[in-house]
Structure formats: structure tokens, C-alpha cells
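Novice: Please work out how this folds:
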Amino acid sequence: MSLVILGLNHHTTPLDVLERMTIPAGRMPKALADLSGRAYIAESAILSTCNRIEVYVDAEKFHGGYQDIRDFLSQFAQIAPEDFADYLYVLYDNEAVNHLFSVAAGLDSAVVGEHEIQGQVKTAWQTAQTEQTVGTTLNAAFRHALEVGKRARTETGIGRHITSVSHAAAVLAADHLGTLDDKRAFVLGAGDMGMGMTRAVAESGAALSQLVVASRTWKRASDLAEQFSGRAVHLDQIHDELQHADVVFTSTSASSYMIDHEQLAPIIDLRNGRPLLIVDIAMPRDVEPAAADLPGVTLLDMDAVREFTEAGMRERQAEVARVQTIIDAEVSRYVDAVTAREMDPVIAAFRGQIETIRKAEVQRFGPSLAGLSDDQVDAVDALTKALLAKVMHEPTTRLKKSADSKQGERLASAMRTLFDLDL
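Specialist: Residues are numbered from 1 along each chain as shown. You can find the predicted model right below:
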């Protein structure tokens, strides 16, 4: 196994660094092509969300692969390695599998147990498949990770209560305002997160006085607004909506600020002292942090969402332990399957070589067996097969049992040499 993960996430990295490293969906094919073309990378996939940027590779050499990934992150984000190296974590082999399974199960999320991450893991894998940058190693790992995520959510209560970042954003807004009843809500961004926040508000039972949606894609904005009895506006109408909204939810994939201090300042003057709450869960951020300095503006970002959700973690600790038990068992099952597959070619070649020798010897003694009946010849054939099967049983069993160890590597190497196996 040679699975390697390099990443930065909300646990290790300040928000202002993390947002600079984000790779938007539109640039993902180019990123995968760049990464897969590097010397030590055999397979690659990239998971980029509001909480993390993680690169998954099958590396031909660990240190070479590490350097390739770090150089890729630096060059693609146009950030010097020393600006993010202190926050970078690296995991490989079993630790990498454990981490991927934990991510898919929602244990490594800002909102523990959130369901959105499972879809994001699936999308990362599907994108890599489309770009043809994954093969046997990563396909097996991601397929198994999604199975783990499903088990975690169906067999435990980890997905109850606040179940996603978008859900947390809606609950946080209601907590700050006391209620969302009779509030004018403006949703900027109609992708998965924007839809999630809109749905969370609607399902909370809040009686909004008005819901407005804006997006770069008019159809998405109009479809989302219609679904929840709101109205859609074009992006050039943002300023008008900011003048009237009570709460703004933002989650676009824009690479620059959608709302900055300079734009917002004259709008605040027109609001006649009415407070404005902005919940920005975009990555990179949609709203310039300096906007929080304007009178009456409360700006909440992903750091605020994390702090809010961490307060309820005590209720979920028992479920976290149950999910971890599932992950531990699935990691063992996955490692056993992978190591068995790695030994299978050696064992198959060994058995094939022995069978070739057996057939050659039976043929060589053919004249001596000429006086035997067909049943007797069949008995001789069966006897030689059974005898050699007994001889091969112990070596192949030992190989399988020691597959994931240095001893297994030595035994496999010895078998290849002793029997001149062509592998």
C-alpha cells in the first residue's frame, strides 16, 4: 500500500491561509492534470471544501511524492511553501486510510457528523475518475470510505441534531437574532451550500417575511427561490438587497470578495441604523473581514460556525466513539483485503510454477504409465496434485498471514528468487 495524504484543514490552519489554498471546482481538472504529471505520483485525487484542502495520491516513493505534492500546492496556489508548511499534515498507509474513512464518516468535520462531506468525498472521487487520475489504489480507498460513511450514519446517531455546515449556519443565525420569524433573508449563492442553508431555514419552521436568492447562474437562483417560495435576483441587484435584508447567507465559489467594506459602507448609511447579520461560509470568503467594522454589521464566518457547533459536542461523544469503532474495524478489513491482493500475484505465480513442473514430470513419465488404465492414470494425476497442494499449503498460508509486515516482504522476495517467479 502506498496511499499518501497531504493536507491543511480547519484543525491546523488559520482561515486566511486555508482560503488561499482552496481549489474551486472549475479549476479542479487542471489541478489534477498538473498533479498527476509529476514524477512520483501514480494516482491522485483532491478534496477541497470550506474546511479542508487534501491531496490523496498513490506515491511511487514516499519522500518524492511528498515533495511533488508540496510543490504542487505551492505553485497552484501561488504561495511560498514556508507560508503554509507549518500547518501541513502528512499521513500514509494505514493512517491515511483511517483519516479518509474518518473524513467520510464526518468525524473530522467542523460540524461533527455532517452529511455534506460524504457527498464532497464522492464528488472528489468522481472528478478524479473523469480526469482519469485514479486507479486501483485510490478507487478501492474511496469506494470503501463511502461505505464507511454510510455505515456511520445508518448505524449510529452521529448525523442527528446539526447535520451540516449549512444547517449550522442557519441555526447560528437564528441564535444571534433570537428568531428568523419576520426576517428578510438574502441567500448569495445557489450551489449545495446555498441550497442547504435555504432548506435549513425553511425546515426550521421560521416564518420569513421574504426570501431572496442570487447566483451567477440564473436558473439555479430562480429554481431555488421558487422551491422555497422566494424570489430570485441578478448579481447586479445585490446592493439593493443588502439595503433591505436582515440576514445574509453567502456561499459562492467566487475567487474574490462579493461584498467588500467599500461597497457596503454607503449601503449601511441607507439602512437607518437597522442591524445586518452576515453569515459567510464561502471558501475563500465572500465578504471582506473589514466589513465587520461597519456600524450595525455582525459578520460570522467559518470560525464562528465551528465555535458554535463545538459547544454541542458533549451530546455526541458517545456517538463519536461508536463511529470510531466502525472505522477501526473497516480499516482492518480494508488493510487485510489490500495486503491479500498484494500477495495474490506471488501466490498465483508460485502455484502456477509448481503446476507447470508437475505437468512436465507427469508427461516425462508418460511411457512408464502406458500400461495403466485411464482410471489409474487419472488417479496418478490426482495424487500428484494432492501431494503438491499439501506441500504448497504451509508456504502460501504463511505468506498470507505475514502479508502486511517486513517478514511478509522477505518471504515474498525469497519465494520469487527460489522459484524464479516472473513478477
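Novice: And T13, how close does it get to F84?
Specialist: 7 Å (Cβ to Cβ, to the nearest Å). (Glycine included, C-beta is placed from N, CA and C.)
Novice: what's the overlap in contacts for the two?
Specialist: In terms of Cβ atoms under 8 Å, 6 or more residues apart in numbering, T13 and F84 are both contacted by the residues M21.
Novice: Which helix or strand contains A168?
Specialist: A168 belongs to helix 165-177 when elements are defined using DSSP states H and E.
Novice: what's in contact with that helix?
Specialist: 50-51, 109-111, 114, 116, 162, 180, 183, 192-197, 199-201, 204, 206, 246-247, 249, 251, 277, 279, 281, 298, 300, 302, 304-305, 308-309.
Novice: In strands, which of the residues you listed fall?
Specialist: Members of the contacts of helix 165-177 lying in strands (criterion: DSSP state E): 247, 249, 277, 279, 298, 300.
Novice: still on that earlier bit, buried subset of the contacts of helix 165-177?
Specialist: Burial by neighbour count, judged by 16 or more other Cβ atoms under 10 Å, picks out 50-51, 109-111, 114, 116, 162, 180, 183, 192-197, 199-201, 204, 206, 246-247, 249, 251, 277, 279, 281, 300, 302, 304-305, 308-309 from the contacts of helix 165-177.
Novice: tally of neighbours for A80?
Specialist: 9 (other Cβ atoms under 10 Å).
Novice: for Y92, same thing?
Specialist: What Y92 shows, counting by other Cβ under 10 Å, is a neighbour count of 19.
Novice: Return the residues in contact with it.
Specialist: Y92 sits next to 2-5, 59, 62 when contact means Cβ under 8 Å, 6+ apart.
Novice: That one bridge partners, please.
Specialist: Counting by DSSP bridges, Y92 is bridged to V4.
Novice: how about A140, secondary structure?
Specialist: Three-state assignment for A140 (DSSP: H, G, I helix; E, B strand; the rest coil): helix.
Novice: check contacts around it.
Specialist: Contact analysis of A140 by Cβ under 8 Å, 6+ apart lists 334, 337-338.
Novice: And for V121?
Specialist: Shown in contact with V121 (Cβ under 8 Å, 6+ apart): 47, 100, 103-104, 142, 145-146, 149.
Novice: What residue spans form the domains of the protein?
Specialist: Split into domains by automatic domain parsing, the chain comes to 3-160, 165-312, 335-418.
Novice: What score does the closest residue to A206 other than its chain neighbours have for pLDDT?
Specialist: Nearest non-adjacent residue to A206, counting by Cβ to Cβ, 6 or more residues apart in numbering: L180, 3.6 Å away. On pLDDT, L180 comes in at 92.
Novice: how close does L180 get to K359?
Specialist: L180 is 78 Å from K359, by Cβ to Cβ.
Novice: now do P395
Specialist: Distance from P395 to K359, by Cβ to Cβ: 20 Å.
Novice: Looking at those two now, which is surrounded by more residues?
Specialist: Set P395 next to K359 and count neighbours by other Cβ under 10 Å: P395 wins out with 16 against 13.
Novice: Correct me if wrong: that one contacts Q353.
Specialist: No. With contact taken as Cβ atoms under 8 Å, P395 and Q353 are classed as non-touching, separated by 12.0 Å.
Novice: Just tell me which of the domains of the chain ends up closest to V323.
Specialist: Within the domains of the chain, the stretch nearest V323 is domain 3-160; the backing value is 4.6 Å (Cβ to Cβ).
Novice: For the closest one, what is the distance to the chain centroid?
Specialist: Put simply, domain 3-160 sits 5 Å off its chain's centre (Cα atoms, centre = their mean, to the nearest Å).
Novice: Need the three-state assignment for the residue in the chain sticking out farthest from the centre.
Specialist: Computed with Cα atoms, centre = their mean, the residue of the chain farthest from its C-alpha average is G371, at 67.8 Å. Put simply, G371 is coil when judged by three-state DSSP.
Novice: Could you check how far V377 is from T356?
Specialist: V377 is 19 Å from T356, by Cβ to Cβ.
Novice: just Y257 next, same as before
Specialist: Distance of Y257 to T356, computed by Cβ to Cβ: 70 Å.
Novice: neighbour count winner among the two?
Specialist: Y257 (20 against 10).
Novice: Look up the closest residue to that one, ignoring the ones flanking it.
Specialist: E288 (4.7 Å).
Novice: okay but that neighbour is in contact with D260, surely?
Specialist: Yes. With contact defined as Cβ under 8 Å, E288 reaches D260; the gap is 4.1 Å.
Novice: Who has more neighbours out of these two?
Specialist: Counted by other Cβ under 10 Å, E288 and D260 do not tie: E288 has more neighbours, with 19 against 15.
Novice: and the more buried one, what is it in contact with?
Specialist: E288 makes contacts with 257, 259-261, as judged by Cβ under 8 Å, 6+ apart.
Novice: now the helices for the stretch 1-150 of the chain?
Specialist: Using DSSP state H, counting those that start in this stretch, the helices assigned to the stretch 1-150 of the chain run over residues 15-21, 28-36, 62-77, 94-105, 116-130, 136-155.
Novice: Compare those helices and give me the one nearest V391.
Specialist: Among the helices of the stretch 1-150 of the chain, helix 136-155 comes nearest to V391, with 31.5 Å by Cβ to Cβ.
Novice: tell me which residues in that closest one are buried?
Specialist: Buried residues in helix 136-155 (16+ other Cβ under 10 Å): 137-142, 144-146, 148-149, 151-153.
Novice: ok, now stretch 120-133?
Specialist: Of the residues in stretch 120-133, 120-125, 127-128, 131, 133 count as buried by neighbour count, 16+ other Cβ under 10 Å.
Novice: Closest one of the residues you listed to A318?
Specialist: Once Cβ to Cβ is applied, the member of the buried residues of stretch 120-133 that ends up nearest A318 is V121, at 24.4 Å.
Novice: Would you mind measuring from that closest one to F84?
Specialist: Note on V121: its distance to F84, by Cβ to Cβ, is 22 Å.
Novice: circling back to that earlier point, with distance to A173 and mean pLDDT added, can I get the helices of the stretch 1-150 of the chain in TSV?
Specialist: Below are the helices of the stretch 1-150 of the chain laid out as TSV (distance: least, Cβ to Cβ, whole Å; pLDDT from 0 to 100):
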stretch	distance to A173	mean pLDDT
helix 15-21	19	92
helix 28-36	30	96
helix 62-77	31	95
helix 94-105	26	96
helix 116-130	17	95
helix 136-155	25	94
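Novice: Quickly note the distance from Y334 to E319.
Specialist: Y334 is 22 Å from E319, by Cβ to Cβ.
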